[in-house]
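A.B. asks: what's the 3D shape of this:
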Amino acid sequence: MFFLNRPARVSRLVGVGVLVLGVLSWLAPGRAVAQDLGALQDRLAIAEQLAQYSYRWDSKDSEGFADLFTVDGAMDRRPGGTLVTGSRVVGHQAILEYARTSHQGRLADRQTRHHFSALVFLELTADSAVTENMALITHQTAGDNAAFISASGIYRNTWKKTPQGWKIAERILFTDRFGGP
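C.D. replies: Coordinates of the predicted model:
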């Protein structure tokens, strides 16, 4: 499936979604199929935006990365649930500057990869959503034979539906910190 071009992948996903909706309408005939289809389309659109998060950050596309966020979007890091002082970045322009500074500075000599898995929807309405997904972040420099794990954790994203599509209103990275048994 990964050799398919993007339109073919999306078409296949929509086809699977229509099949799922058919089963849902058979199992729960009282449910409105149009409502189910709308929710499925929203889930697919959000999943696509989440995939773009990885691709845009890891390709050092600072502008594209910032465009994933609402105008007043925010992001921060919370190892063990505690906010890292100075990590909160608020507003499209501030997120763009953060991405540029990171891509041209601390990450300039390395290839990053954000490996996302286990996307779950904690909430989903017609115009907002909250998702979580696991992340494994790797780095590789020219001197490294293989990528190494830089961090792992859980991303919690609050999404807003805008005229331009689904955007991230808030992104929190809960980085893993294991304290032992």
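
A.B. asks: which residues does Arg110 form a beta bridge with?
C.D. replies: In this entry, Arg110 is beta-bridged to Thr141, by DSSP bridges.

A.B. asks: Hmm, Gly143 and it touching each other?
C.D. replies: No - the pair Arg110 / Gly143 is not scored as a contact, 9.9 Å apart, by Cβ atoms under 8 Å. All C-beta spots, glycine's among them, are computed from the backbone N, C-alpha and C.

A.B. asks: is it true that Ile46 touches Glu132?
C.D. replies: No - if you go by Cβ under 8 Å, Ile46 and Glu132 don't touch, sitting 11.9 Å apart.

A.B. asks: Looking only at neighbour counts, state which of the two leads.
C.D. replies: Comparing Ile46 with Glu132 by other Cβ atoms under 10 Å, the one with more neighbours is Ile46, at 22 against 16.

A.B. asks: residues touching the closest residue to Leu83 other than its chain neighbours, list them.
C.D. replies: Nearest residue to Leu83 in three dimensions, chain neighbours excluded: Asp76, at 6.0 Å (Cβ to Cβ, 6 or more residues apart in numbering). Contacts of Asp76 were listed using Cβ atoms under 8 Å, 6 or more residues apart in numbering, and they are Leu83, Val84, Ser87, Arg88, Val89, Arg171, Ile172, Leu173.

A.B. asks: For the residues you listed, which ChimeraX command selects only the ones that are buried?
C.D. replies: A single ChimeraX command selects the buried members of those (16 or more other Cβ atoms under 10 Å):
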select :89,171,172,173
